[in-house]
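In: Take this sequence and fold it.
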Amino acid sequence: MDGIQTKIVERREKDQKTEDGEHTWFMEVHDAASVQPRFVLLGEPGGGKSSFLRHLALCLAGEIRRRAGDSDVPANASLEALRDWLLDVYTPVYIELRALVASHFPPLSENTRLPDADDFWRYVREDLTGSGLAGFETELRNLCRDGEAILLLDGLDKIPQAGDERGGRRR
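Out: Residues are numbered from 1 along each chain as shown. Next comes the predicted model:
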């Protein structure tokens, strides 16, 4: 039995809910990130969603550096810091959606074309990789295509809503 199944059994033995008909509550966020190919992390403002995504990015990046022979990686930047992590290492790509939308997506109107993958990759090239990693865009595209990267999209609740001139609404 793996770590996640053990947690489910423990919750049931303690008569703790694992579902209510609409929601299932048996995974901690690090478990969900480890076993779900895609998921949306929901929670109250200040609940730790962004902190978790940054921690996940740090741990994955640290593990990549360690495997490449870098001995100057902090101990807490490793797969061991992700309890019950079931996967190998992925190249993390942390993106703050508010910055992406503000810098590369025009305000929507009836005549505006919808943003597409080219807009996303332009943001990666211009804002994420910058001059220091200019040659990494092609490699990053390949890692994404081959399923060896993980996109960590943060702040969905903080981007401007379509048609809302006041900007992002906090929930």
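In: From Thr112, how far off is the spatially most central residue of the chain?
Out: By CA atoms, centre = their mean, the chain has its centre lying nearest to Leu152, at 2.0 Å. Here the criterion is CB to CB, to the nearest Å. By it, Leu152 lies 27 Å from Thr112. In short, each C-beta sits where N, CA and C put it, glycine included.
In: mind listing what the residue nearest to the centre of the chain touches?
Out: 53, 56-57, 92-95 (CB atoms under 8 Å, 6 or more residues apart in numbering).
In: which SS state does Leu151 fall under?
Out: Following DSSP: H, G, I helix; E, B strand; the rest coil, Leu151 is assigned to strand.
In: unless I'm mixing things up, Ile159 is touching Leu97, no?
Out: Yes - at 4.9 Å, Ile159 counts as touching Leu97 under the criterion of CB atoms under 8 Å.
In: and these two? which has more neighbours close in?
Out: For Ile159 versus Leu97, neighbours defined as other CB atoms under 10 Å are more numerous around Ile159 (19 against 16).
In: In this protein, mark out all the strands, start to finish.
Out: Listed in chain order, the strands of the chain (DSSP state E) span residues 91-96, 149-154.
In: Now those in TSV, please, with extra columns for mean pLDDT and distance to Ala75.
Out: Output for those, formatted as TSV (pLDDT from 0 to 100; distance: least, CB to CB, whole Å):
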stretch	mean pLDDT	distance to Ala75
strand 91-96	92	18
strand 149-154	92	22
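In: Could you export these as JSON lines, including distance to Leu128?
Out: Formatted as JSON lines, these follow (distance: least, CB to CB, whole Å):
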{"stretch": "strand 91-96", "distance to Leu128": "7"}
{"stretch": "strand 149-154", "distance to Leu128": "11"}
